[in-house]
Every structure is written in structure tokens, then in C-alpha cells.
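>>> here's a sequence, model it:
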Amino acid sequence: MNQKNERLITLEEFIISAQNRFPGATGELSQLLRDIGLAAKIISREVNKAGITNILGFEGSENVHGERVKKLDVFSNEQMISALSRSNNVCMIISEESDGIIRLKSSSGKYIVYTDPLDGSSNIDVNVSIGTIFSVYVRKSHRADYPTIDDAIQDGLSQVAAGYVIYGSSTMLAYTTGLGVSTFTLDPSIGEFFLADQDVKIPKMGPFYSINEGSYNSWEQGLKKYVKYCQEEDKETMRPYSARYIGSMVADVHRILLKGGIFIYPRSKSYPNGKLRLMYECNPLAFIIEQAGGKASDGLKRILEVKPTDIHQRCPIFIGSKENVEMAEKFLKEYKEVPVS
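Next up, the predicted model:
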């Protein structure tokens, strides 16, 4: 195809075109996605000049999880809240950086948004890829009622949209509304996201495994056996696989989405329920990966079917190419043991 003659499609054009395929659509979700796109542009700009302005380093406080907060964490959180407050379509935000729910001025807003405003922020000061994750739900209560935390406790199958932004060598946005996965690349010279791929498909099996092997001694036996399996040579299954681990979930899962393989953040002795958060890390990325033809599991069952009981609930995750995840599940089942404690 001659790229010079191919018309570039902006994120806004793509969202409006998708909306027009559904007669009676009100445009509220479309506006919400455009608002997130705006926040992503502002965060991307600040991330890319973080070493020039005084925005590197720690802010001085800790978040609800006891993690030290970086200045860019605070900035990104503020930008997401500000952008989602613009159109009165969102009644509530749940953020990794906030203890409870964040109620917006419009209590009649239709949507609830979960977000990790800056995933992988431990990598900020060393200039490694980081990202933003978001997940969108329709509130359970009537719009005339005052929204409560019960509106926000929904399983991953109830998501109406989810996505992430990765700030790397380029800034890319990926999202789904349940009709496949589309990706967009930001052109910073004009401040527009342009369509890169409107139907991303993850390979059924891939040659990469992504896990923090420094925690090997705290894993359950089945996971240890699976990682050793990944390292064994077998030409028929493309093994040994290559180990790739960045430490930013968005960056690691983005590579797995494009190249195939598996990302694992398991339960361990230190984190018997897993470390990553179900609602604004595991669920949205599981939705993305499933829509691309992959699989996401907690090792025993589908991530999107996990019943949440808390907005900051933790969960182990095995996510990526379908065949890779199923093989990991097979090892966990075969070597099932007493839960790590």
C-alpha cells in the first residue's frame, strides 16, 4: 500500500465513526474517550520534559497502598480528574492514587472510571516506558440518585470500555469498547493521535515470557515448573522462550499484545493475593487482551469473572497469548499445592 496516498484518521474521527454505527447512540461514551485522549496528550507532554522541569522524584507522601508517590503520579492523577470532569458524563473516579472514591460535580453522570494514572512510576527517574490505564463502567443506580461505592463494585465483564496509553519512544493509545482493539500513535508536532491499527490481534502463541524472576523462591511450585519449561529447548514450540521484563505492566503487556507470549505477576509469600490491582490494572488489560484474541487468568479462572469486593482489591494475573496462558494454567493445576502463606 502506498502510505503517501493513505489518509490518516485521527482518534476523534475514529471514535465518531464508531459511534455512528449505532443508531440512537448518545455520544456520551465517545466524549469520555476523547476526554481521556486529551489527558493522555497533557501527561505525555509532561513525561517527555520531566528531566527539564522540576517534576522528577518523590512528592513526599504515600498512596493508599503504602507506596511512595512521585510528582508525576500526582500530576497525572490531577489531569485525569480534570479531563473527566469536563463533560459531566462521569459521576465517579476510582484512582490508584486515592484512598476512596472521587465524586465529581455531576452526580448524574452515567459512567464510572477506574484509572491507574501513571503505571510503572518507579521507572520514571530512569527514563523507562510508563503508562496510563483506564476502565469504564456504567453506574448501577439511577442517574437521579446519588452514586455510592456500590455502583463501582462490578466485575470485569461489565466494562463498557477500557484501554491504556504507553509513554515510550512514541506515545500510543490502545482501547476497546468490546468490538476489537484499536491503537493510535501521537504526533506531538500537531498534538493528534492517528490510527495505527484498527483490529489488533495477538499471536496464539508467542516466544516471550515476562515475570520478575528475582521473586522465584517465593513462587508456588507450579509456576517454578512452568518457568523452567519456558527455558527448556524445544524447536517445535519455539522454546526456549526469551525473558523480557520491564517492570511497567503497561509496557510489558503492550509488547505481549504485539509480539505474543505471557506476562505474569503471581501470588507469592509476600503477596498471597497477588500485588496488582484487579479493578484498574488487571480488568482493563484483560479486556484488551481478550478482545485481541488472547487470554487473562488469575491462574485458576478468567480474570473478568473474578467477583470484586473492594475497589483496591489485589489479584494475581497470567495474561497474553491463549496457548501460553493455558500452558501456565496446566502447570499450576498439575502441581497444585497449599496456598502460599
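
>>> mind listing the helices for the stretch 151-300 of the chain?
221-231, 249-259, 283-291 (DSSP state H, counting those that start in this stretch).

>>> nearest to residue 91, of those helices?
Closest to residue 91 of those, according to CB to CB: helix 283-291, at 18.8 Å. For the C-beta atoms, the positions are set from N, CA and C on the backbone; glycine is no exception.

>>> quick one: contacts of that closest one?
114, 133-135, 155-156, 159, 162-164, 174-176, 178-181, 202, 249-250, 253, 256-257, 295-296, 302-304, 317, 319-320 (CB atoms under 8 Å, 6 or more residues apart in numbering).

>>> what's the answer for stretch 250-260, then?
Stretch 250-260 has contacts (CB under 8 Å, 6+ apart) with 119-120, 128-133, 164-166, 168, 172, 174, 181, 200, 202-208, 210, 244-246, 261-263, 285, 288-289, 292, 294, 319-321, 324.

>>> re the thing from before, which of the contacts of helix 283-291 count as buried?
Listed as buried from those are 114, 133-135, 155-156, 159, 162-164, 174-176, 181, 202, 249-250, 253, 256-257, 295-296, 303-304, 317, 319-320; burial here means 16 or more other CB atoms under 10 Å.

>>> of these, which belong to strands?
Among the buried ones among the contacts of helix 283-291, DSSP state E puts 114, 133-135, 162-164, 174-176, 181, 295-296, 317, 319-320 in strands.

>>> so which of these comes closest to residue 238?
residue 320 (14.1 Å).

>>> give me the pLDDT for residue 127.
Among the per-residue scores, residue 127 holds a pLDDT of 82.

>>> whoops, I mixed them up, residue 159
On the pLDDT scale, residue 159 gets 97.

>>> contacting residues around it?
Going by CB under 8 Å, 6+ apart, the list of residues near residue 159 reads 135, 136, 137, 178, 283, 284, 287, 304.

>>> what of residue 318?
262, 263, 264, 266, 296, 297, 298, 299, 325, 328, 329.

>>> cool, residue 303 as well?
With contact taken as CB under 8 Å, 6+ apart, residue 303 is in contact with 156, 278, 282, 283, 286, 296, 297, 315, 317, 319.

>>> a markdown table please, covering the residues you listed and showing pLDDT and distance to residue 272.
Formatted as a markdown table, those follow (pLDDT from 0 to 100; distance: CB to CB, whole Å):
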| residue | pLDDT | distance to residue 272 |
| --- | --- | --- |
| 156 | 98 | 21 |
| 278 | 98 | 15 |
| 282 | 98 | 16 |
| 283 | 98 | 20 |
| 286 | 98 | 21 |
| 296 | 98 | 20 |
| 297 | 98 | 17 |
| 315 | 97 | 12 |
| 317 | 98 | 14 |
| 319 | 98 | 20 |
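
>>> alright, I will stop here.
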